[in-house]
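pasting the structure only:
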């Protein structure tokens, strides 16, 4: 990608007309996959249109397994909203890929249809990429949960593959990602649509990106992530298949016992929650052999012996802003 000079940062809510002309800023395409969340999707689109970024922003809403419609939003100058259907694999992976392929911007950013951006997000991410031209991906911190009170901030400005292999980091959220489009369709590659149910597709893609260059982090919470029950709650067999796919296709995970134990523990809990108690115990044993500190291994045992109910554990974890 041709380097562009990024104007100096103004305030977090700067008027776009008060900074450098749009021609000095790279065009950004924002991909919003959506499925039956009409009001939330419209709010997500409005947060994109409200960015204080002086350059052009193209918002692409990708309707997945539903009829497309134009969201009820006011589109200001310098912004466009496009709608399309997911013509690839059903699910988030196919929808994101379809949007990026259709995008016209030099940079692409992702936003889940139930999340929202703060006004300075795009501007600060573009500046961060300009400051680190060898990197192709930039993420930000997030606000997590209703009321947006819980901030999760990346621990370092440059996140290496080693950092990500230590465990999945909730602050490296799909709704915070911006990437050079040429890298997405080139050396990094599209999101893997073969992952069962698109479970963990973002973490898989982050690992592939970090293998090439560190992920740049804007260490400010610039995304509001609506913490609610996941689409995958109670879809235990999809979770199991998705996690086993990670183990089969990302051998570097096995080099980090703590992360390996985390994945083993999640598989163990999913088996136990699905009613396969013997398999849950087998994976729980593997989990604790990899790292005895991994709580999920013990929880899987408790569920498999019917001492605790899986639904109760999921609900308590959710209340604490965590998954199982």
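Alright, I've got the coordinates. From a predicted model like this one, the values you see are computed outputs, not experimental measurements.

Point out where the stretch 101-250 of the chain drops to low pLDDT.
146-149, 168, 228-234 (pLDDT under 70).

And the strands in the chain?
28-34, 57-63, 79-85, 107-110, 116-117, 137-144, 150-152, 158-159, 178-180, 215-225 (DSSP state E).

Show me what the second one is packed up against.
In terms of contacts (3 or more Cβ pairs under 8 Å, 6 or more residues apart in numbering; DSSP states H and E), strand 57-63 is packed against strand 28-34, helix 38-49, strand 79-85, helix 92-102. No exception for glycine: its C-beta is placed from N, CA and C like everyone else's.

for the first one, packing partners?
The elements that strand 28-34 packs onto, with contact taken as 3+ Cβ pairs under 8 Å, 6+ apart, are helix 38-49, strand 57-63, helix 92-102, strand 107-110.

Could you chop this protein up by domain?
For the chain, the domain assignment from automatic domain parsing gives the residue ranges 16-225, 236-319.

Turn these into CSV, columns for mean neighbour count.
Putting the domains of the chain into CSV (neighbours: other Cβ atoms under 10 Å) gives the following:
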stretch, mean neighbour count
domain 16-225, 19
domain 236-319, 19
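
re earlier: can you check which of the helices and strands packed on strand 28-34 gets nearest to residue 243?
Nearest of those to residue 243, taken as Cβ to Cβ: helix 92-102 at 15.6 Å.

Run the angle between that closest one and strand 28-34 for me.
Relative orientation of helix 92-102 and strand 28-34, computed by axes from the mean of the first three to the mean of the last three Cα atoms, to 10 degrees: 150 degrees.

contacting residues around helix 92-102?
29, 31-34, 60, 62, 64, 82, 84, 86-88, 108, 110, 181, 184-185, 190-193, 195, 198, 201 (Cβ atoms under 8 Å, 6 or more residues apart in numbering).

The same query, at a cut-off of 6 Å, please.
31, 33, 60, 62, 64, 86-88, 108, 184, 190-191, 193, 198, 201 (Cβ atoms under 6 Å, 6 or more residues apart in numbering).

by how many degrees do that helix and strand 57-63 diverge?
140 degrees.

Return the distance of helix 92-102 from the chain's centre.
From the chain centre to the centre of helix 92-102 is a distance of 14 Å (Cα atoms, centre = their mean, to the nearest Å).
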